[in-house]
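Visitor: Below are the sequence and a predicted model; questions follow.
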Amino acid sequence: MKAKHLRNRWLGLLPLGLIFFLSGCGQLEMTVLDPKGPVAQSQYDLIVYSLWFMLGIIVVVFALFTYMIIKYRENRPGRKESDYDPNLHGNTTIEIIWTIIPVIIVILLSIPTVTTLFDLEKPPEPAAGEEEKEPLVVHATTADWKWFFSYPEQDIETVNYLHIPTDRPIEFRLTSADAMTALWIPALGGQKYNMAGMMTTLYLEADEEGGYDGRNSNFNGEGFAAQTFKVHAESEEDFNAWTQKIQNEAPELTADRYNELLKPGLTDVESFSSTHLDYVKHHTKDGMGYTIEHFRDLYGKKLDLYEIEKQESFQ
Amino acid sequence: MAAEELKTGPLEYRTQEGQMGIMGFWIFLGAEVVLFATLFATYAVLFGRTADAPLPSELFEPGIVLIMTFLLLTSSFTCGLAIHEMRRGSVKGLIFWMAITLALGLGFLGFEIYEFVHYAHEGATLQSSAFWSAFFVLAGTHGLHVTLGIGWAILLLIQIKQRGLTNVTSRKFFIISLYWHFLDVIWIFIFTSVYLIGMVI
Amino acid sequence: MHITDILVTGEPIIYGAMVSMALGGLAILFVLTYFKKWGWLWREWLTSVDHKKIGVMYILSALLMLFRGGVDAMMMRVQLAFPDLGFLNSQHYNEIFTTHGTIMIIFMAMPFLIGLMNIIVPLQIGARDFAFPYLNALSFWSFFFGMALFNISFVIGGSPDAGWTSYTPLSGAAMSPGPGQNFYLMGLQLSGIGTLATGINLMVTILKMRAPGMKLFHMPIFTWSTLVTCFIIVFAFPILTVALALLTIDRIFGSQFFTLTGEGLPMMWANLFWMWGHPEVYIVILPAFGIFSEVISTFAKKRLFGYNVMVWSMIVIALLSFLVWVHHFFTMGAGAFVNSVFSVSTMLIAVPTGVKIFNWLATLYKSKIEFTVPMLWSLAFIPSFILGGVTGVMLGMAAADYQFHNSYFLIAHFHYVLIAGTVFACFAGLVFWYPKMFGHKMNERLGRWAFWLFFFGFHVCFFPQYFLGLDGMPRRLFITNVAEWLPLNVISTVGAAGMALGFVVFVYNVYYSFRYSERETTGDSWNGNGRTLEWATTTPVPYYNFATVPYVDEIDPYVRMKEEGKTTFEEDKVKPIHMPSYTGQPFIFMALLGLASFGLIFEWMYLAVFGLIGGVVMMIRRSFDYDDGYYVSVEEIKETEKKARGL
């Protein structure tokens, strides 16, 4: 009997141990907890801030819980008469205390949440001592199951990959040609939805050069898992060199070619020296039905997708 | 359950079954309020999304809608009279006023069907745009409720002929009167927030 | 239409499922015929309006659905742990996670809890049956046929594949043609009728049929949780009804609510869905809270601490549950202000929930804890649920949610609250009230095995998923093609296997206990620790529940009744009891509506119209039905009671 109770006690502590264990060995590797830009950094700060409160709550509850089930189990050796009070049924003071404390915690969590929310609506502030830069505008459009990144100032468009300069805010203008999707680059910051007939704005910024993973994080059908893209964050000079190269070497994006790309299916990375923005505006009431009206019959077809890497793109 | 029966008070409230039935129906009406509120919200959100279809202000006509409103409001009043007669114990009065109520309800339905057909001819159908979908489903749901109410009331009229006024039949009539008044209230909202606003904007 | 257009073909797993379903069906038919049980099935079960039998049927269906949803889950876990096997392709995986989610919420959690409410609530308040027994049978059969409809989709026509949230425009006719999505819509619509009816039915039952003297604030806490839940059902389910109807009209009759053409507004679906969906979460968690309160107070042998606070916190949770739906799509870009408001309202829910946790802990203070199986489930709930609760607050912080949303962090969170909350409660409640339902307890030793396997499996399965989410793994991903994600996924799958094993042991325990458990001789099954009226009547419960209903003017009335030697059989006070008659109408009515729904799914309008007309005919029949039930004679009651009480 005693051994069993001992087991209960340690089992109760197990999840707590797991938290410390996993957060200890996992922290360095997890993308969200390893921010590479000011947006991700502010979200990371918020998460860590909240995590301390949560750990506090968990510790308090686990401690009370363990104490209760050890002290007040029926057949604990050495139980006293005074350990049992069947008529104890309430206490106003203590109820007020444990109502007020969570309220205080909620207030303490709300303040940074709200301020961060308002900050995220604006381009990230430049780091101390740096001059403020105009955000780079990138239209990110999704169609089943690919990404179009249009750079209107540079007049170039890429499919399924993205180049951005570091230390400069990127203003993503998100929309979709068909299903609802979401642009998520966890290393740079949180996601936002792309919706046909709408345009949402998402500010991100990279402050370290490197390659990051981006994807559609909102389920949109069969090719969902394949709707990923690589983000290349590079210095302003490298970025400009890259745009130059695309402008000079890549073909123009014709209306026919764009229509071809809009059809549901997978596709490889591509580059074009013009954008689709003149052909159709998916975020307007007029343009939102464009893909459906043209390719309605193609949506019933199945890809039979087993492994993305081995899948032949539809091109 | 039905064991105890009170000796006073309205007939429909004398048994526990009667009381429970009426309370259950009140709660059901609460659910119906949510149902229509959702439809109204949908309509409000989709207002203006007419696409290529005609605008509501081009189609809504004050005349027909006023007649419909008049018919339904009057029917609610005659329905109240029917219950008044029932409370007095007059089966004849109940049947008479209920029949008038039904006739008015049928008149309302007739105009509504005419109205829908007319809109369809003018190019505004369920399929033509988000706005018209919302309009037809909102008004149509109300119309469907009226239709069901009429069918239901006819069944009750047969039953009262067969059985006379009892705890059960009076409960049934009381409940349908709640239902009918409720439809009237919903129509007032449709009249003001759909037709009046639609005609102005 | 050719047969291959209707039957799903080309998948060995589905062929296997078809064969096993056909064999299982044939076996059931054979057994029923061989033992001449058809009449018994019809007379005793299919036509029953007895709340206890209906409750048992709910729970059996829910266990069946737990199995089906669990098989879906295991298939997903195998695919994610061994992505190289090519076990499932993307399409198949999408269908499976869609049915898993829908089944677990709509056809497992809710019916399981409604089943327990069915059996226990009338007993707790001293009622003979529901307020509307006929309607109760109707509710069950609408759920049953909705469930059947949803489940045949994977052999006939193809399963829905747009997620249990069925977001438009993906789930609209343009992008998801075919019957799959219609199965989702009609299955939910049909069973939703029953849920709404049950909500109304239970509300009236609780408000009007309590034992004499029992005020609202004397009611057992599980009954309170049921009342609050019914309030949520009545005000939330019509929203779902409308949302489903609009999408159905979109898909079948070509309207433009959620389409990308005709200036439709797909985002409205997300709003409508979650205006129902968030209260729905509380529909499945509040009764769970009620069950835990009953079990903890029984096996702590102590009154529940802070009864009034417990009730009020449930009411506050219910009200708040209608004001937080936007937190399911903070990332839709509604703006900082809107997100702030919903962020704060979301976090506020943690306050009454936290208060409840502390009250349960305080109930344990100065108690005598007995570690029975239902108590194990209830105690395990507290630390497990806290882990889900605190991550819920983190998700509620909108700015941080941009990183958590649509990731495995979210998956881990809601499995932590729904399994540690709802599923643990279902097991706790079932084991706790099992003797009341079946006249014998479940075996304790096997029960412990099932508990520990499930408990460990659960934590091993879902705890790693928090970290997968923080590493950027999105939900609904059919393949783990990022190397860093694989190890944690393998661990998770091992845990899922543990849960599956726990379930198997639990089911085996049902059989084992049926064969070997001692039959109950008293009504107060748990060593005389029962506190509320359901323990005051005999076991098995007579079909009229109580020979005489005691006068109640306090919480936990049965404690004092035992002290004073009172029972629910006061011989000189027995009067004839009025009972409702059994009827096959609800079964036939809902079968016809099921047929109509089936017609709509395939857009076979003749069948749909035929079924609908059949339904109208059944309603007319019901209107002319003046069957007033029957009376149980005093002699019969006395005889039954004396036999059961060994007098």
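Guide: Yep, that arrived.

Visitor: wait, does the longest helix along chain B make contact with chain A?
Guide: In terms of residue count, the longest helix belonging to chain B (DSSP state H) is helix B:130-163. No. Helix B:130-163 stays clear of chain A (CB under 8 Å from any CB of the partner chain), getting no nearer than 10.0 Å. In this view, the C-beta of every residue, glycine as well, is placed from N, C-alpha and C.

Visitor: Show me which parts of that helix are buried, residue by residue.
Guide: B:130-139, B:141-143, B:145-146, B:149-150, B:152-153, B:155-157, B:159-160 (16 or more other CB atoms under 10 Å in any protein chain shown).

Visitor: Show me which residues of the stretch 151-300 of chain A sit near chain C.
Guide: Counting by CB under 8 Å from any CB, the stretch 151-300 of chain A comes close to chain C at A:178-180, A:182, A:184, A:186-187, A:189-193, A:195-198, A:200-201, A:213, A:215, A:217-225, A:285, A:288-289, A:291-293, A:296, A:299-300.

Visitor: Which of the residues you listed fall in strands?
Guide: Within these, residues falling in strands by DSSP state E are A:Ala182, A:Trp184, A:Gly189, A:Gly190, A:Gln191, A:Lys192, A:Tyr193, A:Thr200, A:Thr201, A:Asp213, A:Arg215.

Visitor: which of the residues you listed sit farthest apart?
Guide: With CB to CB as the measure, no two of these lie farther apart than A:Thr201 and A:Asp213, at 21.9 Å.

Visitor: where's residue 231, which helix or strand?
Guide: Answering for chain A, as no chain was given. Secondary structure from DSSP states H and E places A:Val231 in strand A:228-234.

Visitor: not what I meant, chain C
Guide: For C:Phe231, the element it lies in under DSSP H and E is helix C:221-253.

Visitor: for that helix, which positions count as buried?
Guide: For helix C:221-253, by 16+ other CB under 10 Å, it's C:221-252.

Visitor: and if you look at stretch C:564-579?
Guide: C:Lys566, C:Thr567, C:Thr568, C:Phe569, C:Val574, C:Ile577, C:His578, C:Met579.

Visitor: outside of it, which residues touch it?
Guide: If you take CB atoms under 8 Å, 6 or more residues apart in numbering or on different chains as the criterion, stretch C:564-579 is touched by B:1-3, C:128-129, C:533, C:536-537, C:543-544, C:546-550, C:561, C:629-634, C:637-638, C:641, C:645.

Visitor: Narrow those residues to just the buried residues.
Guide: Looks like the contacts of stretch C:564-579 have B:1, C:128-129, C:533, C:536-537, C:543-544, C:546-550, C:561, C:629, C:632, C:637, C:641 buried, using 16+ other CB under 10 Å.

Visitor: For C:Val8, see how far away C:Ile156 is.
Guide: Distance of C:Ile156 to C:Val8, computed by CB to CB, to the nearest Å: 7 Å.

Visitor: Show me what from chain A comes close to chain B.
Guide: Neighbours of chain B within chain A, by CB under 8 Å from any CB: A:Lys285.

Visitor: State which one residue of chain A is found closest to chain C.
Guide: When scored by CB to the nearest CB, chain A has A:Gly190 as its residue closest to chain C, at 2.2 Å.

Visitor: OK, contacts around the nearest residue in space to that residue that is not next to it in sequence?
Guide: Residue nearest to A:Gly190 in three dimensions, not counting chain neighbours: C:Tyr402, with 2.2 Å by CB to CB, 6 or more residues apart in numbering or on different chains. Counting by CB under 8 Å, 6+ apart, C:Tyr402 makes contact with A:Gln43, A:Leu120, A:Gly189, A:Gly190, A:Gln191, A:Lys192, C:Phe330, C:Thr331.

Visitor: And C:Phe144, which helix or strand is it part of?
Guide: Per DSSP H and E: C:Phe144 is located in helix C:133-152.

Visitor: tell me what that helix is packed against?
Guide: helix C:51-81, helix C:110-125, helix C:180-208, helix C:585-601 (3 or more CB pairs under 8 Å, 6 or more residues apart in numbering or on different chains; DSSP states H and E).

Visitor: chain center to the longest one, what's the gap?
Guide: Right, helix C:51-81. Remark: helix C:51-81 is offset 10 Å from the chain centroid, using CA atoms, centre = their mean, to the nearest Å.
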